[in-house]
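J.: fold the following, please.
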Amino acid sequence: MSLPRLDALVFTAGIGENSVLVRSLACDSLDFLGLKIDSKKNELNPVDQDISTSESTVKVLVLHTDENWAIACNCWKLLHSGE
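T.: Predicted coordinates for the structure are as follows:
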């Protein structure tokens, strides 16, 4: 089964947030979906930004993550779930 469309592509964590090349190559291979990135936005070390062009049919987002905080929050919830 395939998806009928792609609404957004999200880059996150170490490589997704920091690698201009990885984002560029990944997006270039998905141009058949109407996905287009703004190369200038991509190169400006974007964080919590949409780097797609206005012509792109797919949003391309670069989002900051903090895995350690997420793990800590889940551990706290687990420890306090029996109260």
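J.: only alpha carbons, please: show stretch 74-83 as CSV.
T.: Only the C-alpha atoms of stretch 74-83 are listed here, as CSV (Å, rounded to 0.1, in the frame of the first residue of the first chain):
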residue,chain,number,x,y,z
ASN,A,74,9.2,9.6,29.7
CYS,A,75,11.2,8.2,32.7
TRP,A,76,9.6,10.6,35.1
LYS,A,77,6.1,9.7,33.8
LEU,A,78,6.9,6.0,34.1
LEU,A,79,8.2,6.4,37.7
HIS,A,80,5.2,8.4,38.7
SER,A,81,2.5,6.5,36.9
GLY,A,82,1.8,4.2,39.9
GLU,A,83,1.1,7.0,42.3
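J.: can we start the residue count at 11 from this point?
T.: OK, 11 is where the count begins now, so the last one is stretch 84-93.
J.: can you give me how far it is from the chain middle?
T.: Counting by C-alpha atoms, centre = their mean, to the nearest Å, stretch 84-93 is centred 29 Å from the centre of its parent chain.
J.: one more: stretch 35-54?
T.: On C-alpha atoms, centre = their mean, the centre of stretch 35-54 falls 12 Å from the chain's centre.
J.: residue ranges for the helices of the protein, please.
T.: With helices called from DSSP state H, the chain shows them at 23-28, 30-38, 49-53, 77-90.
J.: for those, which one sits closest to Asp60?
T.: helix 49-53 (8.0 Å; C-beta to C-beta). For glycine as for every other residue, the C-beta is placed from the backbone atoms N, C-alpha and C.
J.: which positions within the closest one qualify as buried?
T.: Buried residues in helix 49-53, defined by neighbour count with 16 or more other C-beta atoms under 10 Å: Lys51, Asn52.
J.: please name every helix or strand in contact with it.
T.: helix 30-38 (3 or more C-beta pairs under 8 Å, 6 or more residues apart in numbering; DSSP states H and E).
J.: which neighbouring elements make contact with the helix it packs on?
T.: strand 18-22, helix 23-28, helix 49-53, strand 69-73.
J.: got phi/psi on Leu61?
T.: If you look again at residue 61, you'll see it is Ile, not Leu. phi -110, psi 10 (degrees, to the nearest 10).
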